[in-house]
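A.B. asks: One predicted model, sequence on top.
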Amino acid sequence: MYAVGVNPWVWASPVDDAALAELIPRIASFGFDAVELPIEQPGDWDPVRTRDLLAAHGLAAAGVCAVTPPGRDLVEAAPAVVESTVAYLLGCVASAAAVGAPCVGGPVYASVGRTWRMSPAARTECYAQFRRALAPVADRAGESGVSIGVEALNRYETSVVNTVEQTIELIDGLPPSVGIMIDTYHMNIEEADPYAALAAAGPYVKHVQVSGTDRGAPGADHFDWPRFFTTLRATGYRGAVCIESFTAQNATIATAASIWRPLAPSQDRLATDGLRHLRTILGDPHRTPTPPG
């Protein structure tokens, strides 16, 4: 049985102390086990206050999401940009350790939406730049008992890594604290066989995000969720599985995630319909209350 979590981005952005104070009780009432916590800007939420709020509602911190808008890059970037990005990621590691989250995950190599053509030699150098830049973050994470999950994005959002195979190459040589964050939305676009790709990622999986193939609720789509979870169990991963989607009501996040239309009758329904489907696949369908309204 996997803990099932959700990212508050389903409802709000930025996810700050005020948003968490409103959303964590609601997330708990829906029957989730955990919350995935994005850090858009350092200081958006207080780790100690958030840890205590989660505990008060019987929820775990599933992971911290690193966010890479323009200007957060570890590759093909000016030294000052790399330095500030490393400082941001070190802050994410510190927040994860303080809130009790086991992983910092995200596209930590380059800003989302940044794409460029690379020759094989240029790609090799790009990956070497990433490993050099991430090394101090990997070391700090290991010392803090936190892992780093590197997320492959689809081709429209990055040209650095789009597949599990590329991500394994990217992290080769880094400490065991660095692995892969699985995101089914991107896998559905980029992997010829997402289930075989998940099996290949098995030894490296640090965190798992799920959503429908249209970024809506898992289950209201064509993905083979039973096969996905059968494969996931075989990898040995036993961490949380978190629904990640976004609200169309916030202009910044809707534009960044290309959410141009509602993906469910309501954001509550997106979360609870997805939770109900995941509980059914995982063999525990009776723990999900009906959403209000």
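C.D. replies: Received it, and whenever you're ready, just let me know what you need.
A.B. asks: Can you pull the poorly scored residue ranges out of the stretch 1-150 of the chain?
C.D. replies: Nowhere does the stretch 1-150 of the chain drop to pLDDT under 70.
A.B. asks: where along it do the strands fall?
C.D. replies: Secondary structure of the stretch 1-150 of the chain (DSSP state E, counting those that start in this stretch): strands located at 4-6, 34-39, 60-66, 103-106, 147-151.
A.B. asks: Put together JSON lines for those strands, with mean neighbour count and distance to Val160 on each row.
C.D. replies: (Each C-beta comes from the backbone N, C-alpha and C, glycine too.) Putting the strands of the stretch 1-150 of the chain into JSON lines (neighbours: other CB atoms under 10 Å; distance: least, CB to CB, whole Å) gives the following:
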{"stretch": "strand 4-6", "mean neighbour count": "27", "distance to Val160": "26"}
{"stretch": "strand 34-39", "mean neighbour count": "24", "distance to Val160": "20"}
{"stretch": "strand 60-66", "mean neighbour count": "27", "distance to Val160": "14"}
{"stretch": "strand 103-106", "mean neighbour count": "29", "distance to Val160": "13"}
{"stretch": "strand 147-151", "mean neighbour count": "27", "distance to Val160": "10"}
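A.B. asks: closest one to Glu22 among the ones you listed?
C.D. replies: For the strands of the stretch 1-150 of the chain, the distance to Glu22 is smallest for strand 34-39, at 12.6 Å, taking CB to CB.
A.B. asks: Of all the strands of the stretch 1-150 of the chain, which one comes closest to Ala18?
C.D. replies: Across these, Ala18 has its closest neighbour in strand 34-39 (14.2 Å, CB to CB).
A.B. asks: Walk me through which strands that closest one pairs with, and which way each runs.
C.D. replies: strand 4-6 (parallel), strand 60-66 (parallel) (DSSP bridges).
A.B. asks: Which residue of the chain lies farthest from its centroid?
C.D. replies: Ranked by distance from the centre of the chain (CA atoms, centre = their mean), the top residue is Ala121, with 29.3 Å.
A.B. asks: possible to save the strands paired with strand 34-39 as TSV with distance to Leu134?
C.D. replies: Formatted as TSV, the strands paired with strand 34-39 follow (distance: least, CB to CB, whole Å):
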stretch	distance to Leu134
strand 4-6	25
strand 60-66	11
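A.B. asks: Nearest to Ala197 among the ones you listed would be which one?
C.D. replies: Among the strands paired with strand 34-39, strand 60-66 comes nearest to Ala197, with 20.3 Å by CB to CB.
A.B. asks: Show me how far that closest one is from its chain's centre.
C.D. replies: Relative to its chain's centre, strand 60-66 lies at 8 Å (CA atoms, centre = their mean, to the nearest Å).
A.B. asks: same question, stretch 271-286
C.D. replies: Per CA atoms, centre = their mean, the centroid offset for stretch 271-286 relative to its chain is 20 Å.
A.B. asks: again, but for stretch 96-110
C.D. replies: On CA atoms, centre = their mean, the centre of stretch 96-110 falls 9 Å from the chain's centre.
A.B. asks: okay, how far is it across that stretch, tip to tip?
C.D. replies: 21 Å (CA to CA, to the nearest Å).
A.B. asks: export stretch 47-67 as PDB, just CAs?
C.D. replies: Output of stretch 47-67 as PDB, limited to C-alpha atoms (Å, rounded to 0.1, in the frame of the first residue of the first chain):
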ATOM      1  CA  PRO A  47       9.100  24.500   7.600                       C
ATOM      2  CA  VAL A  48       8.500  24.200  11.300                       C
ATOM      3  CA  ARG A  49       5.000  25.700  11.200                       C
ATOM      4  CA  THR A  50       4.200  23.500   8.200                       C
ATOM      5  CA  ARG A  51       5.500  20.400  10.000                       C
ATOM      6  CA  ASP A  52       3.300  21.000  13.000                       C
ATOM      7  CA  LEU A  53       0.300  21.800  10.800                       C
ATOM      8  CA  LEU A  54       0.700  18.500   8.900                       C
ATOM      9  CA  ALA A  55       1.100  16.600  12.200                       C
ATOM     10  CA  ALA A  56      -2.000  18.200  13.600                       C
ATOM     11  CA  HIS A  57      -4.000  16.800  10.700                       C
ATOM     12  CA  GLY A  58      -2.400  13.400  10.500                       C
ATOM     13  CA  LEU A  59      -0.500  14.100   7.200                       C
ATOM     14  CA  ALA A  60       3.000  13.500   6.200                       C
ATOM     15  CA  ALA A  61       5.300  15.600   4.100                       C
ATOM     16  CA  ALA A  62       5.700  13.500   1.000                       C
ATOM     17  CA  GLY A  63       8.400  15.600  -0.700                       C
ATOM     18  CA  VAL A  64       9.500  19.100  -1.500                       C
ATOM     19  CA  CYS A  65       9.100  20.300  -5.200                       C
ATOM     20  CA  ALA A  66      12.000  22.400  -6.500                       C
ATOM     21  CA  VAL A  67      10.700  25.000  -8.900                       C
END
